[in-house]
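Engineer: Next one to model:
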Amino acid sequence: MRWDRFFEDLEDQLDSEWEAERAALDTEAERLRLSRVALRERLVAFVRERREIGAHLQDGTMLTGRVSQVGADWCALVAPDASGAVIVPLWALAGIAAAPDALLASIRGADPGPAVAQRMGFGFVLRDLVRRRVSVSVQLATAQTLVGTIDRAGADHLDLALHDPDAPRRADNVHGYRIVPFAAVQAVRLAAGVDLA
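Structural biologist: Numbering: from 1, shown residues only. Take a look at the predicted model:
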């Protein structure tokens, strides 16, 4: 009888050790998975969650809204008051504020999203605005805001025709031109009612 109990104890110890080893492997596998998650993938999860976040920019600006789209190196926020979409390059982000459950959901649901969106860089979305002749406000890292229409978007810069926000982009309304490196852009605001295609 004593031997039976001894072997049962040994079996229980062996089972406990196996469970502890399996838990350690699961924990290590989760750490490895988390080490490979990119910010962009978490933003894709926020799109699915349809939750409001706070985007802290490098220049100290705080934007609040719902992440509506994510490209290769940018995201679009839609303000709760429907004042228009804001395109934010990922390099301009200083941090993201969200509810604890939304943060956990974004790490659990992190994935790269559609292959097409993964290839749509910041220049791609700006070239779409060029094609549509949309008036924008470009917020710079220097805390300056330029208003006008993007005439061209190159590989790493844009050409902006400066004019009043409510004036159409015509030669007699343009009061200057500016070449802006993408690296200087903190955010591109679209007028209310203008959506990203």
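Engineer: Please count neighbours and contacts with C-alpha atoms only from this point.
Structural biologist: Fine.
Engineer: Look up how far residue 180 lies from the nearest residue to residue 78 once chain neighbours are set aside.
Structural biologist: Distances taken as Cα to Cα, 6 or more residues apart in numbering place residue 85 nearest to residue 78, at 4.6 Å, with adjacent residues excluded. Per Cα to Cα, to the nearest Å, residue 85 is found 20 Å from residue 180.
Engineer: Of the two, which one has the most company?
Structural biologist: residue 85 (24 against 17; other Cα atoms under 10 Å).
Engineer: burial measure for the residue nearest to residue 134 when sequence neighbours are not counted, as a count.
Structural biologist: Leaving out its chain neighbours, the residue that sits closest to residue 134 by Cα to Cα, 6+ apart is residue 149, at 6.1 Å. Other residues near residue 149 come to 27 when the count uses other Cα under 10 Å.
Engineer: Distance check, residue 149 against residue 189.
Structural biologist: Using Cα to Cα, residue 149 is found at 11 Å from residue 189.
Engineer: Secondary structure element for residue 67, which one?
Structural biologist: In this structure, residue 67 sits in strand 62-70 according to DSSP states H and E.
Engineer: same thing with residue 136?
Structural biologist: If you go by DSSP H and E, residue 136 is part of strand 135-140.
Engineer: tell me, how many neighbours does residue 169 end up with?
Structural biologist: Residues near residue 169, counting by other Cα under 10 Å, number 20.
Engineer: Would you report the backbone torsion angles of the residue nearest to residue 134?
Structural biologist: For residue 149, the backbone dihedrals are phi -120, psi 140 (criterion: degrees, to the nearest 10).
Engineer: okay, it: pLDDT?
Structural biologist: At residue 149, the predicted lDDT confidence score is 96.
Engineer: need the contact list for the residue nearest the centre of the chain.
Structural biologist: Geometric centre of the chain, nearest residue: residue 75, 4.0 Å, by Cα atoms, centre = their mean. Contacts for residue 75 (Cα atoms under 8 Å, 6 or more residues apart in numbering) come out as 43, 67-69, 87-90.
Engineer: Residue 153 now?
Structural biologist: Residue 153 neighbours (Cα under 8 Å, 6+ apart): 123, 126-127, 130, 159.
Engineer: right, and the residue nearest to residue 78 touches residue 191 too?
Structural biologist: Yes: Residue 85 is in contact with residue 191 according to Cα atoms under 8 Å; the separation is 7.3 Å.
Engineer: Name whatever forms a beta bridge with the residue nearest to the centre of the chain.
Structural biologist: Counting by DSSP bridges, residue 75 is bridged to residue 70, residue 88.
Engineer: if I look at it, how far off is residue 62?
Structural biologist: Residue 75 is 15 Å from residue 62, by Cα to Cα.
Engineer: Just give me the neighbour total for the closest residue in space to residue 113 that isn't next to it in sequence.
Structural biologist: The shortest distance from residue 113 to any non-neighbouring residue, by Cα to Cα, 6+ apart, is to residue 44 (6.2 Å). Using other Cα under 10 Å, the number of residues around residue 44 comes to 24.
Engineer: Confirm residue 44 sits in a strand?
Structural biologist: No: counting by DSSP: H, G, I helix; E, B strand; the rest coil, one finds residue 44 to be helix, located in no strand.
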